[in-house]
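Peer 1: fold the following and give me the result.
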Amino acid sequence: MPDFDLYRPSEEHEMLRDTVRSLAEAKIAPFAAAVDEEARFPQEALDALVSSELHAVHVPESYGGAGADALATVIVIEEVARVCASSSLIPAVNKLGSLPVILSGSEELKKKYLGPLAKGDAMFSYCLSEPDAGSDAAGMKTKAVRDGDHYVLNGVKRWITNAGVSEFYTVMAVTDPTKRSKGISAFIVEKSDEGVSFGAPEKKLGIKGSPTREVYLDNVRIPADRMIGEEGTGFATAMKTLDHTRITIAAQALGIAQGALDYAKGYVQERKQFGKPIADFQGVQFMLADMAMKLEAARQLTYSAAAKSERVDGDLTFFGAAAKCFASDVAMEVTTDAVQLLGGYGYTRDYPVERMMRDAKITQIYEGTNQVQRIVMARNLP
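Peer 2: Residues are numbered from 1 along each chain as shown. Have a look, this model is predicted:
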């Protein structure tokens with residue numbers, strides 16, 4: 001296990017950052033505006049990430065993956081999100097969907113499903129939320145009924161990122177309705193399983209290149225050995241997963257904010273009013289200083305949380321929630337200020353900051369709203 005100096009990136013981490021930034025700027029950034037405008041999946045980004053083995057760096061080496069630590073995964077997501085938030089959901093959701101298998105799955109499940117993910121032959125999605133079970137995930141209604149050597153699943157999952165594109169889905173379902181959260185189990189469902197279908201893509205404010213759809217489970221019959229962990233442990237696995245993966249949403253927020261700050265900084269140096277660059281005006285300088293200060297504070301908190309994720313520290317739950325909450329709030333503030341700094345131009349789709357502002361909003365909502373994050377923090381104060 002890497003020896004983290006609290007949260008300071010190593011030389012290898014910084015080399016990784018340079019590699020991902022170069023790739024993102026060359027092969028992902030040129031398509032970001034079109035992906036948003038056309039609300040289409042960023043296939044160019046997937047191809048580029050897979051060819052560079054950056055699509056699922058978290059998969060352990062023993063299953064064919066890169067075996068990257070939590071901070072390296074954060075850096076990959078951050079650098080991709082800097083140019084295209086939709087594309088950053090490829091590595092982020094691959095980790096979200098597969099982490100339950102890594103944390104709780106049998107050796108057989110790990111070998112069967114992590115290998116194709118590591119090779120880039122499949123993507124992984126995470127099915128927890130339902131139409132009537134969002135923040136109250138334990139109130140889900142999707143059921144899994146034992147039938148001999150199989151389980152039969154019925155229900156609807158909503159807000160599923162990359163649904164229809166992913167081959168594999170980690171699905172939480174009720175196996176014992178009398179036990180609420182302790183009656184929920186986790187399963188792997190394949191896109192090709194009979195009875196699996198998808199709703200129409202949601203029409204969203206941002207991250208338009210990442211499809212969000214309902215997943216319909218209509219008498220989906222799967223082998224019992226596709227259960228992740230023991231029966232009744234699914235909800236605990238889901239929550240443990242989020243302790244780790246909320247940090248990846250913080251990373252996405254960092255990247256979006258950094259992209260907006262970088263663009264705004266360049267713009268104010270070029271834009272002239274009253275005979276000089278607007279960067280020379282103190283009011284603009286103060287805005288940029290605040291943006292950079294808050295972004296750096298968010299980065300340090302996120303990297304610290306990533307180190308705690310790698311070590312599985314006892315206070316991970318607090319720090320994961322804190323990083324996600326703070327970084328996403330900062331991203332919303334920084335992107336809004338970036339639009340302001342560009343004035344009327346910032347409000348048009350000819351410039352990328354309005355897209356970044358729209359993309360930033362979701363980071364305050366998914367993987368637990370920031371109101372829920374504050375509840376989590378309050379219950380887990382260090």
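
Peer 1: name the single longest helix found in the chain.
Peer 2: helix 234-270 (DSSP state H).

Peer 1: next structured bit after that helix?
Peer 2: strand 272-273 (DSSP states H and E).

Peer 1: for the longest helix of the chain, buried residues please.
Peer 2: Residues of helix 234-270 classed as buried: 234-261, 263-264, 267-268 (neighbour count, 16 or more other CB atoms under 10 Å). Glycine gets a C-beta too; all of them are placed from N, C-alpha and C.

Peer 1: that helix packs against which elements?
Peer 2: helix 70-81, helix 85-104, strand 168-174, strand 184-190, strand 276-277, helix 282-311, helix 316-342, helix 353-362 (3 or more CB pairs under 8 Å, 6 or more residues apart in numbering; DSSP states H and E).

Peer 1: would TSV of the ones you listed with mean pLDDT, distance to Ala56 and mean neighbour count be doable?
Peer 2: Shown next, in TSV, are the helices and strands packed on helix 234-270 (pLDDT from 0 to 100; distance: least, CB to CB, whole Å; neighbours: other CB atoms under 10 Å):
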stretch	mean pLDDT	distance to Ala56	mean neighbour count
helix 70-81	98	9	29
helix 85-104	98	4	27
strand 168-174	98	11	26
strand 184-190	98	16	24
strand 276-277	97	43	12
helix 282-311	97	16	19
helix 316-342	98	20	25
helix 353-362	98	21	25
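
Peer 1: just put these in JSON lines and tack on distance to Trp159.
Peer 2: Output for those, formatted as JSON lines (distance: least, CB to CB, whole Å):
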{"stretch": "helix 70-81", "distance to Trp159": "19"}
{"stretch": "helix 85-104", "distance to Trp159": "12"}
{"stretch": "strand 168-174", "distance to Trp159": "13"}
{"stretch": "strand 184-190", "distance to Trp159": "16"}
{"stretch": "strand 276-277", "distance to Trp159": "43"}
{"stretch": "helix 282-311", "distance to Trp159": "23"}
{"stretch": "helix 316-342", "distance to Trp159": "16"}
{"stretch": "helix 353-362", "distance to Trp159": "10"}
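
Peer 1: which pLDDT value belongs to Pro382?
Peer 2: If you check Pro382, the pLDDT there is 87.

Peer 1: re earlier: out of the helices and strands packed on helix 234-270, which gets nearest to Ser51?
Peer 2: helix 85-104 (12.7 Å; CB to CB).

Peer 1: any idea of the angle that closest one forms with strand 184-190?
Peer 2: 120 degrees (axes from the mean of the first three to the mean of the last three CA atoms, to 10 degrees).

Peer 1: quick revisit: return the distance of the longest helix of the chain from the chain's centre.
Peer 2: 8 Å (CA atoms, centre = their mean, to the nearest Å).

Peer 1: cool, and stretch 360-379?
Peer 2: Worked out by CA atoms, centre = their mean, stretch 360-379 lies 13 Å from the chain centre.

Peer 1: quick one: contacts of that stretch?
Peer 2: Here stretch 360-379 makes contact (CB atoms under 8 Å, 6 or more residues apart in numbering) with 85, 96, 135, 159, 161, 204-207, 242, 245-246, 249-250, 252-253, 256-257, 260, 317-318, 321-322, 324-325, 327-329, 331-332, 334-335.

Peer 1: go again with 7 Å.
Peer 2: Stretch 360-379 is contacted by residues 135, 205-207, 242, 245-246, 249, 252-253, 256, 317-318, 321-322, 324-325, 328-329, 331-332, 335 when judged by CB atoms under 7 Å, 6 or more residues apart in numbering.

Peer 1: with stretch 94-105 instead?
Peer 2: Against stretch 94-105 from outside (CB under 7 Å, 6+ apart): 55-56, 58, 73, 109-110, 113-114, 117, 123-126, 166, 168-170, 186, 188, 228-229, 233, 237-238, 240-241, 244-245, 248.

Peer 1: got the CA coordinates for it in PDB?
Peer 2: Output in PDB follows, covering the C-alpha atoms of stretch 94-105 (Å, rounded to 0.1, in the frame of the first residue of the first chain):
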ATOM      1  CA  ASN A  94     -16.600   2.700 -13.500                       C
ATOM      2  CA  LYS A  95     -15.300   2.900 -10.000                       C
ATOM      3  CA  LEU A  96     -18.700   3.600  -8.400                       C
ATOM      4  CA  GLY A  97     -20.300   0.600 -10.200                       C
ATOM      5  CA  SER A  98     -17.500  -1.900  -9.600                       C
ATOM      6  CA  LEU A  99     -16.300  -0.900  -6.100                       C
ATOM      7  CA  PRO A 100     -19.100  -3.000  -4.400                       C
ATOM      8  CA  VAL A 101     -17.600  -6.000  -6.200                       C
ATOM      9  CA  ILE A 102     -14.100  -5.100  -5.000                       C
ATOM     10  CA  LEU A 103     -15.200  -4.500  -1.400                       C
ATOM     11  CA  SER A 104     -17.600  -7.400  -0.900                       C
ATOM     12  CA  GLY A 105     -17.700  -9.700  -3.900                       C
END
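
Peer 1: Ala33 is nearest to which of the helices and strands packed on helix 234-270?
Peer 2: helix 353-362 (7.1 Å).

Peer 1: give me the distance between the closest one and the centre of its chain.
Peer 2: Worked out by CA atoms, centre = their mean, helix 353-362 lies 15 Å from the chain centre.

Peer 1: dump it to CSV, restricted to CA.
Peer 2: This file holds the C-alpha atoms of helix 353-362, laid out as CSV (Å, rounded to 0.1, in the frame of the first residue of the first chain):
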residue,chain,number,x,y,z
VAL,A,353,-17.8,28.6,-18.9
GLU,A,354,-21.6,28.4,-19.2
ARG,A,355,-21.3,24.7,-19.8
MET,A,356,-19.0,24.4,-16.8
MET,A,357,-21.5,26.2,-14.7
ARG,A,358,-24.3,23.9,-15.8
ASP,A,359,-22.1,20.8,-15.3
ALA,A,360,-21.0,22.0,-11.8
LYS,A,361,-24.6,22.0,-10.4
ILE,A,362,-25.0,18.2,-10.5
